[in-house]
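In: Need a 3D model of the sequence below.
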Amino acid sequence: MSFISILSRFFKRIKSHDGNYDLSSRWVHYSNGLILDSKNSGQPVWMVGSIWFEKWFHSLEDKLELSLGKRLIQASSEELEYYLLSNRIFAPKNNNIDDWKHLIMDFHQKGLGTFSFYGEDGTDVKLLITDYSNINIAIGYLSSAWEYMSGKRYKSSWADSESSILLTLSPSSDTFPPPVASINLSQHRREKSVSNSSEWWEMLSLGSEGCWYIQNSRKLIISSDMFEKFITSSIPFIQLNRKSRYDNYKWNDIDASNSTWWSASAESSRELFILQSFHIMIREIKDWKKVGYNHLQKTGLGAIIDVENYDDGDGIIFTLHSLFHPSITCGILLACWERANGRNGKLEFTKNENHFSLKIFSGQSVSEDIS
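Out: Reported below is the predicted structural model:
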């Protein structure tokens, strides 16, 4: 790579890092507890801490006894291809990915880091990804972007370090049908309004390119479409691991394979929340709505619309109208209940005609500690 090209890239990065990537205008908080993508037909997204997501992902792999990296790469690739096709995004005419302003901004806004063209080796193409937040999502994203721009299919391989990935794309004769949108059944068609999220965005701080933080936690954007594609591609490989707390989750009207995945995901979320040692203080039942706001709504996982005690106060029923995905929300709410009550609980999830019902009740005697 010549000195002039390195110097040009350096000044390009300085310029592109000005401003805040217009994050608050793209990721919009709504009254139903979701964050919707204003540039992608209102697609629900999860604004998750990148470290939290990485730990959740590895816990999910452990519980399902599967290696899921390729499944996440596939989901990321298919999600971006569908986004580019459905929104008719134009690629640069000169096929120079460094000039693709729309893609660069999208990569930054999703908190994925930054990328640049590295070079060619025969028919192989090399891309450099730096300051990445998730290796699998970044690889799937850029592999798909290059295929879209070039109109050809490629196989990917890579070498990575703690801060960078050298992605190699080799021409492939494989053919795949164009991806289709995933169906998100966790959002009811109810009236919703934009929520005031200024307090949330006031805590925004910028790091290097494509790195941004809320309350010192680096954020990563996970779309509902990618999450559903990840689930769909994972389920055919599932075998039940009886060592996990699967019996503590009941998913009404959900088939066995999905139930297993959802339970592993929920349990991973519950365990991570417990390890964070949040203090959950409930003086009266209405306090649960504030808990929901702090631990669900801020990141797009849903909002508690109603809450009521049952079974002489030993259990509780939450009502929500919309969810990013039931498994994440249910795992976190179960953990909140356990932190508030000091004992293990069980959860039953039901999808009704116009809302979701989450019933949590004691799963053991009061004397036993939560784990």
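In: now the stretch 251-371 of the chain, which segments are flagged as low pLDDT?
Out: 364-371 (pLDDT under 70).
In: 80 instead, please
Out: Along the stretch 251-371 of the chain, segments meeting pLDDT under 80 span 311-313, 363-371.
In: Surely Ile73 forms part of a helix?
Out: Yes - applying DSSP: H, G, I helix; E, B strand; the rest coil, one finds Ile73 inside a helix.
In: State the pLDDT value of it.
Out: In this model, Ile73 is scored at 98, pLDDT.
In: Likewise for Leu185?
Out: With respect to pLDDT, Leu185 has a value of 61.
In: contacting residues around the closest residue to Ser217 other than its chain neighbours?
Out: Distances taken as Cβ to Cβ, 6 or more residues apart in numbering place Gly49 nearest to Ser217, at 4.3 Å, with adjacent residues excluded. Backbone N, C-alpha and C define where each C-beta goes, glycine included. Gly49 makes contact with 217-220 under the criterion Cβ atoms under 8 Å, 6 or more residues apart in numbering.
In: quick one: Gly49 and Asn32, what's the gap?
Out: 22 Å (Cβ to Cβ, to the nearest Å).
In: I'd guessed Leu112 sits against Ile139; true?
Out: No - between Leu112 and Ile139 there is no contact under Cβ atoms under 8 Å: 10.3 Å.
In: Please identify the pairing partners of the helix or strand His29 falls within and their relative orientation?
Out: His29 belongs to strand 27-29 when elements are defined using DSSP states H and E. With DSSP bridges as the test, strand 27-29 is paired with strand 35-37 (antiparallel).
In: buried set for the partner strand?
Out: 35-37 (16 or more other Cβ atoms under 10 Å).
In: Next: stretch 164-177.
Out: Buried residues in stretch 164-177 (16+ other Cβ under 10 Å): 165, 167-169.
In: Any chance of those in CSV with distance to Lys290 as columns?
Out: Formatted as CSV, the buried residues of stretch 164-177 follow (distance: Cβ to Cβ, whole Å):
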residue, distance to Lys290
Ile165, 40
Leu167, 44
Thr168, 49
Leu169, 48
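In: can I get these in a markdown table with distance to Ser24 and secondary structure?
Out: Output for these, formatted as a markdown table (distance: Cβ to Cβ, whole Å; DSSP: H, G, I helix; E, B strand; the rest coil):
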| residue | distance to Ser24 | secondary structure |
| --- | --- | --- |
| Ile165 | 29 | strand |
| Leu167 | 31 | strand |
| Thr168 | 36 | strand |
| Leu169 | 34 | strand |
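In: mind listing the helices for the stretch 51-200 of the chain?
Out: 69-86, 101-109, 135-150, 198-201 (DSSP state H, counting those that start in this stretch).
In: In PDB, please show the C-alpha coordinates belonging to the third one.
Out: Extracted C-alpha coordinates of helix 135-150, given in PDB (Å, rounded to 0.1, in the frame of the first residue of the first chain):
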ATOM      1  CA  ILE A 135     -16.100 -10.700  14.900                       C
ATOM      2  CA  ASN A 136     -18.900 -12.900  13.500                       C
ATOM      3  CA  ILE A 137     -21.300 -10.000  12.700                       C
ATOM      4  CA  ALA A 138     -18.600  -7.900  11.100                       C
ATOM      5  CA  ILE A 139     -17.400 -10.700   8.900                       C
ATOM      6  CA  GLY A 140     -20.900 -11.600   7.700                       C
ATOM      7  CA  TYR A 141     -21.700  -8.000   7.100                       C
ATOM      8  CA  LEU A 142     -18.700  -7.100   5.000                       C
ATOM      9  CA  SER A 143     -18.800 -10.400   3.100                       C
ATOM     10  CA  SER A 144     -22.300  -9.700   2.100                       C
ATOM     11  CA  ALA A 145     -21.500  -6.100   1.200                       C
ATOM     12  CA  TRP A 146     -18.700  -7.100  -1.100                       C
ATOM     13  CA  GLU A 147     -20.900  -9.700  -2.800                       C
ATOM     14  CA  TYR A 148     -23.700  -7.100  -3.300                       C
ATOM     15  CA  MET A 149     -21.200  -4.600  -4.800                       C
ATOM     16  CA  SER A 150     -19.400  -7.000  -7.100                       C
END
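In: Could you tell me the angle between it and helix 101-109?
Out: Computed with axes from the mean of the first three to the mean of the last three Cα atoms, to 10 degrees, the direction of helix 135-150 lies at 170 degrees from that of helix 101-109.
In: residues in contact with helix 135-150?
Out: Identification of contacts with helix 135-150 by Cβ under 8 Å, 6+ apart yields 69, 72-81, 84-85, 91-92, 95, 97, 100, 103, 107, 112-113, 115, 125, 127, 129, 132, 153-154, 156, 158, 160, 165, 167, 169, 220, 226.
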